[in-house]
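Q: Quick one, fold the following:
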Amino acid sequence: MRFLGILTGGGVGAFFFFSWVIQMLWNSIVVRHLGLLKPLNYWQAAGLWFLITLFLAWTGIGAAARLWQRRRSHE
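A: Modelled structure (predicted):
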């Protein structure tokens with residue numbers, strides 16, 4: 001039931017939007033301007049965004065950590 005709040009708050013749409021933003025930034029900065037690595041496709045960018053979100057949530061930096069802290073304080 002708690003997971004439903006994340007879904008209805010636009011979290012899924014935001015995830016797909018920011019996946020696209022990461023793809024555009026990566027391909028523009030890292031590939032075109034710096035010439036360091038290969039371009040990312042959309043699903044690779046989505047995977048990268050998912051890993052970043054997991055990493056930041058586990059370290060306490062991400063928005064998910066604040067969401068869980070807020071819910072624990074209400075219990």
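Q: For the rest of this, base every contact and every neighbour count on C-alpha atoms.
A: Will do.
Q: Just the helices from the protein, written as ranges.
A: Listed in chain order, the helices of the chain (DSSP state H) span 2-8, 11-25, 42-59, 63-74.
Q: Tell me the helices and strands packed up against the second one.
A: Helix 11-25 is packed against helix 42-59, with contacts defined by 3 or more C-alpha pairs under 8 Å, 6 or more residues apart in numbering; DSSP states H and E.
Q: For Leu36, which residues are in contact?
A: Residues near Leu36 by C-alpha atoms under 8 Å, 6 or more residues apart in numbering: Val30.
Q: Can you give me the pLDDT of it?
A: For Leu36, the pLDDT comes out at 86.
Q: backbone phi and psi for it, please?
A: phi -90, psi -50 (degrees, to the nearest 10).
Q: how far away is it from Gln23?
A: 15 Å (C-alpha to C-alpha, to the nearest Å).
Q: Can you get me a residue count around Trp26?
A: 19 (other C-alpha atoms under 10 Å).
Q: Confirm for me that it is in contact with Pro39.
A: Yes - counting by C-alpha atoms under 8 Å, Pro39 is a contact partner of Trp26 at 7.2 Å.
Q: would you put the C-alpha positions of stretch 43-51 in PDB?
A: Provided in PDB are the C-alpha atoms of stretch 43-51 (Å, rounded to 0.1, in the frame of the first residue of the first chain):
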ATOM      1  CA  TRP A  43      17.200   1.800 -21.900                       C
ATOM      2  CA  GLN A  44      20.900   2.100 -20.900                       C
ATOM      3  CA  ALA A  45      20.200   5.600 -19.600                       C
ATOM      4  CA  ALA A  46      17.200   4.300 -17.600                       C
ATOM      5  CA  GLY A  47      19.400   1.600 -16.100                       C
ATOM      6  CA  LEU A  48      22.000   4.100 -15.200                       C
ATOM      7  CA  TRP A  49      19.300   6.300 -13.600                       C
ATOM      8  CA  PHE A  50      17.900   3.300 -11.600                       C
ATOM      9  CA  LEU A  51      21.400   2.500 -10.300                       C
END
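Q: Let me see the mean pLDDT of that stretch.
A: pLDDT averaged over stretch 43-51 gives 91.
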